[in-house]
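Enquirer: with the input below, show me the fold.
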Amino acid sequence: MRPYTLIVFLIMLLVTPACSLITSNKDHPISTHSLTNMDESMYDGKAGEPHRTNSFFVYAERIENGKLLLERGIAVSVFSDKRQSVLLTSSHLVNKAQKIYVRPWSSNPCRAMDSSSDIEAQIIDESPENDAALLMINIGGFDIAQPVTNDQKVGTSIVMFGQPGKPFYGAMSRGIISGFWLMEDLGVLMISDAVTTPGYSGSGVFIEGEPDQLVGIVHGKTRDENRGFAYIIPVFRLLNFINLIPEKLKTISAERCDALKSLKMESTPNNFLRRNNDKLEVDKSSPSIIRTVELF
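Expert: Numbers count the residues shown, from 1 in each chain. Predicted structure coming up:
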């Protein structure tokens with residue numbers, strides 16, 4: 001092989017995107033399957049286990065002074081049935097958002113960047129004093145995190161998940177429970193030496209090796225230029241908030257049923273209400289189903 005041919009070949013290998021290398025190398029024993037699933041068991045130490053999806057990327061959009069602002073963070077699933085799921089996240093991340101999207105968390109860039117897995121979410125409840133919010137998505141069947149109710153000891157190893165760099169680029173952080181502080185404006189917080197940066201807000205904090213054992217959610221970090229400590233809202237502060245989810249969903253379901261009944265009652269078969277010269281008239285040629293006619 002000529003020298004310049006070899007150089008060109010090496011350059012092509014270096015610049016080929018990682019995703020292309022994974023999908024094209026079908027015959028290699030550690031190709032597509034192994035790399036696609038590399039993060040599925042990375043924090044429970046059990047290779048080959050089914051994918052556990054209880055953490056989600058969060059992308060919150062809001063308009064401020066005519067500009068589109070994008071906030072990113074994490075949410076964790078705390079309720080899921082066949083039709084819907086409820087995610088726990090930080091209130092400060094989503095409380096001003098006009099639109100909220102979530103995507104299953106992954107450390108694999110090929111899967112994490114798959115926008116077809118985006119799910120629109122809506123806020124169904126907030127607890128500002130605990131910097132917590134509940135998001136509902138109309139997709140069920142996800143694994144859920146289980147709140148740990150027993151007291152946690154200082155020195156316990158924990159992990160958390162974020163998107164600290166580019167949006168949807170997942171990263172895991174590991175540390176220990178360093179202590180519990182009573183903050184004047186925040187109440188009791190769990191403190192950890194785990195690295196946290198923008199993009200970790202709302203992340204579930206789990207006991208290392210037990211990816212469904214939830215001990216808190218990330219609130220922020222100490223205000224200094226150094227690594228600092230992570231501020232975590234302990235899950236015991238959120239138990240009542242989480243336990244009321246089934247009742248909250250019943251209320252939402254009832255409200256939807258009432259709205260549908262109201263819509264049916266407002267429908268006028270073979271007639272359509274139309275405003276003309278400050279009067280409502282009947283137009284028999286218009287569609288039969290209508291929605292509320294608003295008088296100005």
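Enquirer: surely W105 meets R72?
Expert: No - if you go by C-beta atoms under 8 Å, W105 and R72 don't touch, sitting 11.8 Å apart. For glycine as for every other residue, the C-beta is placed from the backbone atoms N, C-alpha and C.
Enquirer: which residue ranges form the helices in the protein?
Expert: In the chain, the helices defined using DSSP state H lie at 3-15, 18-24, 32-36, 91-94, 109-112, 239-243, 245-266.
Enquirer: nearest residue to K96 in space, please, no chain neighbours.
Expert: Closest residue to K96 apart from its sequence neighbours, by C-beta to C-beta, 6 or more residues apart in numbering: R62 at 5.0 Å.
Enquirer: and P198, by the same measure?
Expert: P164 (6.9 Å).
Enquirer: how about the one you found, what does it touch?
Expert: Residues near P164 by C-beta atoms under 8 Å, 6 or more residues apart in numbering: 171, 197-200.
Enquirer: neighbours around the residue nearest to I177 when sequence neighbours are not counted, how many?
Expert: Once flanking residues are discounted, I177 sits nearest to T156: 4.7 Å by C-beta to C-beta, 6+ apart. Residues lying near T156 (other C-beta atoms under 10 Å) number 16.
Enquirer: so who does T156 touch?
Expert: Applying C-beta under 8 Å, 6+ apart, the residues near T156 are 176-177, 207, 215.
Enquirer: picking that back up, how near is the residue nearest to P198 to G199?
Expert: Distance of P164 to G199, given as C-beta to C-beta, to the nearest Å: 4 Å.
Enquirer: equivalent analysis for S253, please.
Expert: Here the criterion is C-beta to C-beta. By it, S253 lies 34 Å from G199.
Enquirer: compare these two (neighbour count), which wins?
Expert: It is G199, of S253 and G199, that has more neighbours when counted by other C-beta under 10 Å, with 25 against 12.
Enquirer: and the more buried one, what are its phi and psi?
Expert: Per-residue torsions, G199: phi 110, psi -10 (degrees, to the nearest 10).
Enquirer: list the contacts for it?
Expert: 72-74, 162-165.
Enquirer: who has more neighbours, W105 and R72?
Expert: The neighbour comparison of W105 against R72 (other C-beta under 10 Å) goes to W105, with 26 against 20.
Enquirer: find the nearest non-adjacent residue to the more buried one, please.
Expert: S55 (3.9 Å).
Enquirer: so the one you found makes contact with A75?
Expert: Yes - counting by C-beta under 8 Å, S55 does reach A75; the two are 7.4 Å apart.
Enquirer: these two - which one has more neighbours?
Expert: More neighbours surround A75 than the other of S55 and A75, with 31 against 28 (other C-beta under 10 Å).
Enquirer: and the gap between that one and G155?
Expert: From A75 to G155 the distance is 28 Å (C-beta to C-beta).
Enquirer: next: S192.
Expert: To G155, S192 is 11 Å away according to C-beta to C-beta.
Enquirer: what sits in contact with each of these two?
Expert: Any residue near both S192 and G155 by C-beta under 8 Å, 6+ apart counts here, and that gives 176-177.
Enquirer: just want to know which of these two has more residues nearby.
Expert: Each of S192 and G155 has its neighbours counted (other C-beta under 10 Å); S192 has more, 27 against 9.
Enquirer: and D125, what does it touch?
Expert: With C-beta under 8 Å, 6+ apart, D125 has these contacts: 133-134, 241, 244, 248.
Enquirer: same check on R62?
Expert: R62 makes contacts with 68-69, 71, 96-98, as judged by C-beta under 8 Å, 6+ apart.
Enquirer: ok so, going back, identify the farthest-apart pair in the contacts of D125.
Expert: Pairwise distances across those (C-beta to C-beta) peak at 13.4 Å, for the pair A133 and L244.
Enquirer: and those two? which has more neighbours close in?
Expert: Neighbours were counted for A133 and for L244 using other C-beta under 10 Å; A133 has more, 26 against 13.
Enquirer: what bridges to the more buried one?
Expert: With DSSP bridges as the criterion, A133 is bridged to T89, E126.
Enquirer: can you give me the pLDDT of it?
Expert: Looking at A133, its pLDDT reads 96.
Enquirer: distance of it relative to I217?
Expert: 10 Å.
Enquirer: ok, back up a step: need the buried ones from the contacts of T156 selected in ChimeraX.
Expert: This is how ChimeraX selects the buried members of the contacts of T156, with burial counted by 16 or more other C-beta atoms under 10 Å:
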select :176,177,207,215
